[in-house]
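A.B. asks: Pasting the sequence and the predicted coordinates here, then a few questions.
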Amino acid sequence: MKAIPALMLLAALTTAPVVAHAQMLATAPVEVREVELTYPADAIVEAVKQAVVAAQMQGRIIEARFDAGSRVQAGEVLMRLDAREAAQGLAGAQAQLVNARAAQERSKHLFAQKFVSQAALDKAEADFKAATASAGQAGVAASYATIVAPFSGIVAQRLAEAGEMAEPGKPLISVFDPKTLRVVASIPQYQLAGIKQAMSAKVEFPETGKWVAAMRIEVLPTADARTHVVRVRVTLPDKLEGAIPGMFVRAHFVLGKANKLLVPAAAVLRRGEVTGVYVVDAQGQAHLRQVRLGEAYAGGAREVLAGLSVGETVALDPVKAGVVLKQIQSP
């Protein structure tokens, strides 16, 4: 029997574990599947219920109870303004109301005894109504010093601090309800007909890879005269975790279905401007191959435009596949 050279035996012993390790890579086939044809559009998350509470009177802010991120209940006091001047006006109006009520009662009593005319009674009653209206108006003005939450939600931003002067119309604090959110996308007018016929829509959160089915699609009835785009609202499910107003997302409007060549998104490797996958051959060895990809689809799949064929197998962990390939190529 011919002896095996020592160097060949050593090479076989060191290479065998690497090849075996390569064969243990998690893989997935490149296949053609029916997917939904979509029109993707960049969109922004916004709250359905959101409000910027502004001052309705002039006065210095003496108390700011909540800051951004605080949860508040409907009717809860958010800020207080200096109401001394309004309180003085209310006290004066109430005093006039008391005087007008007494004058009205006296006039009624005197009119019943035929000591005053009907005109005098009418004037007393008119003065009483005017005083009642003035007192009510002063009471409303005094209530403006207390800024309350219009609904239950979260404080998005505090726009004024204690000690600042509030003016009528000046924004003080913004509040939103996190339970009901939607995304707003701007659609070019040439795509409007297809969007109106869209069967459904899905919202993609690029940072997390999460896809959410939309509850409703609403196309607004006007287009922007300068950019010629139409705003489309896509309602998200209630109490959606991880979504906050202002977040960037993509709205995918489903226009139909077609067969596409797909590869798992987990198998895609990006190095600078190069996009590739590790193709695993019949011997279980991985080979890096550059590919050109198309749209992303729900379920973690990417469309393959060039570089792969049906039936080929790709590694689901490209980093691990690269380590194995480097071990095999090392002397």
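C.D. replies: Thanks, I have it.
A.B. asks: going forward, measure contacts between C-alpha atoms and count neighbours the same way
C.D. replies: Fine.
A.B. asks: State the pLDDT value of Arg271.
C.D. replies: Per-residue pLDDT puts Arg271 at 83.
A.B. asks: for Glu125, helix, strand, or coil?
C.D. replies: Assigned with DSSP: H, G, I helix; E, B strand; the rest coil, Glu125 falls in the helix class.
A.B. asks: Count the neighbours of it for me.
C.D. replies: 19 (other Cα atoms under 10 Å).
A.B. asks: Would you confirm that it contacts Ala102?
C.D. replies: No - using Cα atoms under 8 Å, Glu125 makes no contact with Ala102, being 10.4 Å away.
A.B. asks: Name the strands paired with the helix or strand containing Lys260 and say parallel or antiparallel.
C.D. replies: In this assignment (DSSP states H and E), Lys260 forms part of strand 248-264. Applying DSSP bridges, strand 248-264 is found paired with strand 31-47 (antiparallel), strand 200-205 (antiparallel), strand 301-306 (antiparallel).
A.B. asks: Any idea which of these gets closest to Pro245?
C.D. replies: Closest to Pro245 of those is strand 31-47 (Cα to Cα; 4.4 Å).
A.B. asks: C-terminal to the closest one, what's the next element?
C.D. replies: Following strand 31-47 in sequence, per DSSP H and E, is strand 50-54.
A.B. asks: That following strand - what's its average pLDDT?
C.D. replies: On average, strand 50-54 scores 92.
A.B. asks: thinking again about what came up before, okay, buried residues for the strand holding Lys260 please.
C.D. replies: If you call a residue buried by 16 or more other Cα atoms under 10 Å, then strand 248-264 has these buried ones: 248-255, 260-264.
A.B. asks: thinking again about what came up before, now the strands paired with strand 248-264 as JSON lines including distance to Gln290?
C.D. replies: Compiled in JSON lines, these are given as follows (distance: least, Cα to Cα, whole Å):
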{"stretch": "strand 31-47", "distance to Gln290": "17"}
{"stretch": "strand 200-205", "distance to Gln290": "26"}
{"stretch": "strand 301-306", "distance to Gln290": "9"}
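A.B. asks: looking at the ones you listed, which is buried most?
C.D. replies: strand 200-205 (a mean of 21; mean count of other Cα atoms under 10 Å).
A.B. asks: can you list contacts of that strand?
C.D. replies: Strand 200-205 is contacted by residues 210-214, 216-217, 234, 248-255 when judged by Cα atoms under 8 Å, 6 or more residues apart in numbering.
A.B. asks: again with stretch 31-44
C.D. replies: Residues contacting stretch 31-44 (Cα under 8 Å, 6+ apart): 183-187, 245-263, 297, 310-311.
A.B. asks: switch the cut-off to 7 Å
C.D. replies: By Cα atoms under 7 Å, 6 or more residues apart in numbering, the surrounding residues in contact with stretch 31-44 are 183-185, 246-262, 310-311.
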